[in-house]
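Novice: Next input, structure requested:
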Amino acid sequence: MTLSHQDKAPALPSFGDESKANLFPFALMCAGWIAPLLKFWAVVWDVFRPSDYVGGDVAPRLWLFLAAFAVSLTPWWLPASYYRVRRFEQSGRLYEALGIRVFRSVVPNGDLVNLWRRRREPGFRVISNRQSAAEFLSRTVVGEKSHLVLLLIGAGSSLYAWHIGWNGWAAYLGVANVLVNLYPILLQRYTRARIVRLLETGGRREARPSATSGYA
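Specialist: This is a model prediction of the structure:
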C-alpha cells in the first residue's frame, strides 16, 4: 500500500538553517561588546561598582553625556553622497588587504552561512537579478548607518574610559569596537563596491552578503 501525496508524513523540521547559524555571531557581539559596554556605563554611573574600583564620582555631567549621545546619532542623517563608492574603493583591493574577506566569512549571513545554505539549496544565490542587487545595495547603506552610530558610541565610551584613567576598559572597548563596528562598516562598503561594479559591467557573479542589522 502506498501513501498518497496528502497522506505522506510531513518532513522533519531542519535545525541547521541559516537563521540559527546566525545566532552564534550575534551572540558573540552581544557578549563581547554590547554587554561590556552597558556594564561600563553602569559602573561609571555607580549603578553597581565592584569594591576594587577607585572611589569617587567619575560620571560625566548628564547634559554632556546626552549631547555626546546625540552626536553619535548624526550618521543616520548623512547625505546619500557619503555612501557613494569612491574611486579608491572600486577595485576592493584596499579592503581585501585589510582582511575583509576573512571577516566576511564569519559574520551573520556571511560566506560560511551561505555555504551551509547551498548544501540544502544548491540553486540559492544572494543576488539573482538586477532588482535583488538594487535591494541589497540599499541594505548595505542601512547596515553602514547602524554601525556608524554604534562606532561613535563605542569610540566615545572608550575615550571617556581613558579620560578617567580606566585604561583596561579603554583598551577593551576600543579593540571590540573595531571588530564589531569598524570592520562591518568596511564590509558594507566593500560589498557595495562589488555590487556597483557588477551592475555596471552586467556581470552575473554573486555578490556576497554582509551584516545588515545592528551588527553585522
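
Novice: right, and the helix or strand after the helix or strand bottoming out on mean pLDDT in the chain?
Specialist: Least confident element among the helices and strands of the chain, by mean pLDDT, DSSP states H and E: helix 18-21 (a mean of 62). The element immediately downstream of helix 18-21 (helix or strand, assigned by DSSP states H and E) is helix 23-29.

Novice: List the buried residues in the helix or strand following that next one.
Specialist: Per DSSP H and E, the first helix or strand lying C-terminal to helix 23-29 is helix 35-44. By neighbour count on 16 or more other C-beta atoms under 10 Å, the buried set for helix 35-44 is 37, 40, 43-44. Glycine gets a C-beta too; all of them are placed from N, C-alpha and C.

Novice: per-residue confidence averaged over helix 35-44?
Specialist: Mean per-residue pLDDT for helix 35-44: 94.

Novice: cool, stretch 89-99 as well?
Specialist: Here stretch 89-99 scores 94 as its mean pLDDT.

Novice: any idea how far it is from the chain center?
Specialist: Here stretch 89-99 is found 18 Å from its chain centre; the criterion is C-alpha atoms, centre = their mean, to the nearest Å.

Novice: What's the end-to-end length of it?
Specialist: Length of stretch 89-99, first residue to last, C-alpha to C-alpha, to the nearest Å: 14 Å.

Novice: With adjacent residues omitted, what lies nearest to residue 46?
Specialist: Nearest-residue entry for residue 46: residue 59, 6.8 Å, with adjacent residues in sequence omitted and distances by C-beta to C-beta, 6 or more residues apart in numbering.

Novice: Next, count neighbours for residue 31.
Specialist: Neighbour count for residue 31, taken as other C-beta atoms under 10 Å: 10.

Novice: tell me the average confidence for the longest helix along the chain?
Specialist: When the chain is parsed with DSSP state H, its longest helix is helix 130-163. The average pLDDT within helix 130-163 is 92.
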